[in-house]
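In: Quick one: sequence plus predicted model below, questions after.
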Amino acid sequence: MTPVLERARRTSLGVAIAGLSVCAAGWVLRPVQFYHSWLFAWFFWLGVALGCLSIVMLQYVTGGAWGVVIRRLLEAGSRTLPAMSVLFLPLLFGLQALYPWARPDEVAGDELLQHKAAYLNVPFFVLRTGIYFAVWCTLAWLLNRWSRRQDESGDAGLEKRFQALSSGGLVLLVLTMTFAAVDWLMSLEPHWFSTIYGVLLMAGQGVSAFCLVIAAAVLLSRAGPLAEAIRPNHLHDLAKLLFAFILVWAYFALSQFLIIWSGNLPEEIPWYLRRLQGGWQYVGLTVIVLHFALPFGLLLSRRVKRHPARLLGVALLVLAVRHVDLYWMVAPVSSAKAWPVHWLDFGAALGVGGLWVFLFTRQVSRMPLLPRRDPYLQEALEHGRD
């Protein structure tokens, strides 16, 4: 393990222990708030893992050398999915605290919830959750297993397997993530709906994954195997991809807002009204400025894209604001929440985030940082020397 990984591992473990201790206290003292805070933090880091998995498959489908130097970082992120499935378990004890459709008394007095009960019920919800994680963990397991085998044997036939699995896997990921977004987040307010909600969250997950990988690549390029592999050309390419994903996220977010606001339907517009008053409008403005406007301007600069320290700063900023964006989407639902944040929100974010980073650093150290027998590796390294 490189010194950078070792420091990150120790620091993240300490943060995780502190944050999870706060969460344990919150589970006893403020159980309803605990479940809301845990859902927010858990879903964010699950999104990072799923973003890593989706980018790995995207690289295999499109081919080329652009993703070779970061593939092992992405694979390490995808290998945290089994742990994220375990971290979902606390939420099973809080379904009634989180979801109106899980409370029989509310369903009995709400005609719409009764109409949706065939889909929104606890047994079917748990079954669907198991299916989502089975699909995601299987995809991650196969891709990582074949990647390890490619390192050992150099089997050229594995490239076709990667491409075939990733082509179907991306379709499965889009479908399962769309349903998961409805189940875990949209159904917090079951009277509201948006047909673009799932892809909006997936775009944000792609942004989060690229921010994480850029930060990790910059830090690991200061020493070790990536010192000679990650060059300004690679950083430039990664920054352009981050720029593109930010634009995609902004397009989906603006599209959802314009369609719902112009429609002005009573079952749709309250979702935004709740988030544009009571102080939440300032959170939304923060997201617009720091998640879109500022990164947009900075990433237009060639100097920023090719300068490791500056690009690291942009990536960490956007990753932090991704937390704020998801918080803005989830937190106003909780009737127990007082503006602006609850201490359990910080505890859950630190606990789950620290644990995820700890697991990520362990997974990074378990395989070589470069896929040694990938057919595109030489092309990727030569691109960095241009």
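Out: That came in fine, so what should we check first?
In: Under the pLDDT cut-off, which ranges of the stretch 1-150 of the chain? List them.
Out: Residue ranges of the stretch 1-150 of the chain with pLDDT under 70: 1.
In: if I pick the residue nearest the centre of the chain, what's in contact with it?
Out: Computing the C-alpha centroid of the chain and ranking residues by CA atoms, centre = their mean puts Gly47 first, at 2.1 Å. Contact partners of Gly47, counting by CB atoms under 8 Å, 6 or more residues apart in numbering, are 201, 204-205, 208, 326. All C-beta atoms are positioned from the backbone trio N, CA, C, and that covers glycine.
In: Hmm, Leu359 and Arg9 touching each other?
Out: No. In this structure, Arg9 is not within contact of Leu359 by CB atoms under 8 Å, at 9.5 Å.
In: of all the contacts of Gly47, which comes closest to Arg303?
Out: Ser208 (24.5 Å; CB to CB).
In: Pull the contacting residues for Asp155.
Out: Arg149.
In: Just want the phi and psi numbers for it.
Out: phi -60, psi 120 (degrees, to the nearest 10).
In: how about TSV for the contacts of Gly47, with distance to Ala348, neighbour count and pLDDT added?
Out: Formatted as TSV, the contacts of Gly47 follow (distance: CB to CB, whole Å; neighbours: other CB atoms under 10 Å; pLDDT from 0 to 100):
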residue	distance to Ala348	neighbour count	pLDDT
Leu201	18	25	97
Gly204	18	24	97
Gln205	18	28	97
Ser208	17	27	97
Leu326	12	21	95
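In: Go through these and name the one nearest Phe346.
Out: Closest to Phe346, out of all of the contacts of Gly47 and judged by CB to CB, is Leu326, at 14.4 Å.
In: That closest one and Val207 touch, don't they?
Out: No. Applying CB under 8 Å, one finds Leu326 not in contact with Val207, separated by 11.1 Å.
In: Would you mark the buried spots in whichever helix or strand Leu50 is part of?
Out: Per DSSP states H and E: Leu50 is located in helix 31-62. Residues 32-61 are the ones in helix 31-62 that count as buried (16 or more other CB atoms under 10 Å).
In: likewise stretch 171-179?
Out: 172-173, 176-179.
In: Return the member of these nearest to Phe346.
Out: Met177 (26.9 Å).
In: Can you get me a residue count around the residue nearest to the closest one when sequence neighbours are not counted?
Out: Distances taken as CB to CB, 6 or more residues apart in numbering put Met202 closest to Met177, at 5.5 Å, once the chain neighbours are dropped. Residue neighbour count, defined by other CB atoms under 10 Å, stands at 22 for Met202.
In: check which helix or strand covers Met202.
Out: helix 197-220.
In: Check the offset of that helix from the chain's centre.
Out: 7 Å (CA atoms, centre = their mean, to the nearest Å).
In: low-confidence ranges in the stretch 151-300 of the chain?
Out: In the stretch 151-300 of the chain (pLDDT under 70), the answer is 224.
In: mind listing the helices in it by residue range?
Out: With DSSP state H, counting those that start in this stretch applied, the stretch 151-300 of the chain shows helices at 158-184, 197-220, 226-229, 232-263, 269-275, 280-287, 294-298, listed in chain order.
In: Format those helices as a markdown table; extra columns: distance to Val86.
Out: Shown next, in a markdown table, are the helices of the stretch 151-300 of the chain (distance: least, CB to CB, whole Å):
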| stretch | distance to Val86 |
| --- | --- |
| helix 158-184 | 16 |
| helix 197-220 | 20 |
| helix 226-229 | 30 |
| helix 232-263 | 28 |
| helix 269-275 | 31 |
| helix 280-287 | 30 |
| helix 294-298 | 33 |
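In: relative to helix 197-220, how tilted is the helix holding Leu50?
Out: Comparing the axes of helix 31-62 and helix 197-220 via axes from the mean of the first three to the mean of the last three CA atoms, to 10 degrees yields an angle of 80 degrees.
In: what is the orientation angle of helix 31-62 with helix 232-263?
Out: Using the same axes, to 10 degrees: helix 31-62 against helix 232-263 is 120 degrees.
In: Could you identify the helix or strand that succeeds helix 31-62?
Out: Counting by DSSP H and E, what follows helix 31-62 is helix 71-78.
In: Run through who's touching that next one.
Out: By CB under 8 Å, 6+ apart, helix 71-78 touches 48-49, 51-53, 55-56, 59, 67, 140, 143-144, 147, 209, 212-213, 216-217, 220, 360, 363-364, 366-371, 374.
In: and the helix holding Met202 with helix 71-78, angle?
Out: Using the same axes, to 10 degrees: helix 197-220 against helix 71-78 is 130 degrees.
In: Just list what helix 197-220 packs against, helices and strands only.
Out: Here helix 197-220 touches helix 3-29, helix 31-62, helix 71-78, helix 158-184, helix 232-263, helix 308-330, going by 3 or more CB pairs under 8 Å, 6 or more residues apart in numbering; DSSP states H and E.
In: For the third one, what is the distance to the chain centroid?
Out: Think helix 71-78. 13 Å.
In: buried ones in the helix or strand that comes right after it?
Out: Toward the C-terminal end, the helix or strand that comes next after helix 71-78 (DSSP H and E) is helix 81-87. The neighbour-count check on helix 81-87 (16+ other CB under 10 Å) flags 81, 83-85, 87 as buried.
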